[in-house]
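Enquirer: Predicted model and sequence follow; I will ask about them next.
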Amino acid sequence: MKCPFCHSIQTRVIDSRLNQTQDITRRRRHCEICEGRFTTYERVEEVMPVVIKKDGRREAFDREKILSGLQKACQKREIRVDQIEAILRQIERRVQSIGLKEVPAKTVGQMVMAALHRLDKVAYIRFASVYREFRDVQEFVAELQENSESLDTQGNLSFPFVTIEESRSSSDKKEKQP
Ligand SMILES: [Zn+2]
């Protein structure tokens, strides 16, 4: 660490200790050229931005929540665990690379959808039916038909997904009313 007084790099640590909450290391350093003493603080860089939810509330970026969403979408599909983990890492990197302290939950959801769309169309539809705001059943069916050529014989898209979305959006509407 460069000396702040004479800019020499010939400095050494003479004392190192953690603060009370154990998240910051405080180091006393000594410059061998000018005999100056100075302090440095070291902490883990908090790289994941806060997620802004639809209702405006902020919450921590939740890796587990995204993972469980991915797992649900990929259930009974021929998708390997490492493929799901790769998507998760990719999303984390992309969220970080935006370089903002706050990121809308919708943006994160769109990243998940884009990744699933490339990986498996059934998983994509499953995820989208829960997280994307389809205005109505017709829109959902249109999206489904758009991707239907990619569905194999095992691709049993059941209507509970539509029901979840419908009940969700109707409760959202109630919340918005004063
Ligand atoms: Zn110095």
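Expert: Happy to help now that I have it. Residues are numbered from 1 along each chain as shown.

Enquirer: how is the chain carved up into domains?
Expert: Here the domain parsing of the chain from automatic domain parsing is 11-43, 50-176.

Enquirer: how about those domains in TSV, adding mean neighbour count, mean pLDDT and distance to M1?
Expert: C-beta: built from backbone N, CA, C; applies to glycine. Formatted as TSV, these follow (neighbours: other Cβ atoms under 10 Å; pLDDT from 0 to 100; distance: least, Cβ to Cβ, whole Å):
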stretch	mean neighbour count	mean pLDDT	distance to M1
domain 11-43	12	92	5
domain 50-176	15	74	26
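
Enquirer: can these go into TSV with extra columns for distance to the ion?
Expert: Listed next are the domains of the chain as TSV, based on distance: least, Cβ to the ion, whole Å:
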stretch	distance to the ion
domain 11-43	3
domain 50-176	35
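
Enquirer: right, so of those, which gets closest to C3?
Expert: domain 11-43 (3.9 Å; Cβ to Cβ).

Enquirer: chain center to that closest one, what's the gap?
Expert: 34 Å (Cα atoms, centre = their mean, to the nearest Å).

Enquirer: ends of that domain, how far apart?
Expert: 20 Å (Cα to Cα, to the nearest Å).

Enquirer: now swap in stretch 5-24 and tell me
Expert: End-to-end span of stretch 5-24 (Cα to Cα): 24 Å.

Enquirer: ok, T25 - contacts?
Expert: By Cβ atoms under 8 Å, 6 or more residues apart in numbering, T25 lies in contact with S16, R17, L18, N19, Y41, E42, R43.

Enquirer: Then L116?
Expert: Residues near L116 by Cβ under 8 Å, 6+ apart: L70, A73, C74, I87, A123, Y124, F127, A128.

Enquirer: Find the residue closest to it in space, skipping its chain neighbours.
Expert: Nearest residue to L116, sequence neighbours excluded (Cβ to Cβ, 6 or more residues apart in numbering): Y124, at 4.1 Å.

Enquirer: mind listing what that neighbour touches?
Expert: By Cβ under 8 Å, 6+ apart, Y124 lies in contact with A73, M113, L116, H117, N147.
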